[in-house]
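J.: Sequence and predicted structure below; questions after.
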Amino acid sequence: MFRGIFGSENKGKILLYIYTNGEAYPTEIARDLNLYLNVVQYQLLNLEKYGVLYSKLKGKVRLFGINPRYPFKRELEALLKKILQFIPKEEKEKLYMPRLRPRRTNKPL
């Protein structure tokens, strides 16, 4: 499904992953989507080069997200939202649900 729209199956999966999670690390994307890290890094850097994504350093790791200044951001997000509706429920729950981080609690040790 992604190949016809984005020209690459991996590029579509990566964009959808970032759309559903807001921001993501390359290693996290590679692990969750079961892709090689160098494939993910190549696609992320390519998308950043064309202004679709932004990156920022968080510690020693680069974090990627959809560029808020990208001229077609609204259209891209609408397309990704539409694609998400056609993904099977099992795959959606496994790969494209926003991650829930546990809240920190101040429990005494």
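T.: Received, thanks.
J.: ok, which stretches of the chain are helices?
T.: In the chain, the segments counted as helices under DSSP state H are 2-6, 9-21, 26-33, 37-49, 73-85, 89-95.
J.: Buried deepest among those helices, which one?
T.: helix 9-21 (a mean of 20; mean count of other C-beta atoms under 10 Å). For glycine as for every other residue, the C-beta is placed from the backbone atoms N, C-alpha and C.
J.: So for Gly65, which of the helices of the chain sits nearest?
T.: helix 9-21 (6.2 Å; C-beta to C-beta).
J.: thinking again about what came up before, a markdown table for the helices of the chain, including distance to Leu63?
T.: Converted to a markdown table, the helices of the chain look like this (distance: least, C-beta to C-beta, whole Å):
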| stretch | distance to Leu63 |
| --- | --- |
| helix 2-6 | 21 |
| helix 9-21 | 10 |
| helix 26-33 | 9 |
| helix 37-49 | 10 |
| helix 73-85 | 18 |
| helix 89-95 | 19 |
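J.: what's the closest of these to Asn67?
T.: Between the helices of the chain, helix 73-85 lies closest to Asn67; by C-beta to C-beta that is 6.8 Å.
J.: Report the contact partners of the residue nearest the centre of the chain.
T.: In the chain, the residue lying closest to the centroid (C-alpha atoms, centre = their mean) is Ile18, at 1.8 Å. By C-beta atoms under 8 Å, 6 or more residues apart in numbering, Ile18 lies in contact with Ala24, Ile29, Leu53, Phe64, Gly65, Ile66.
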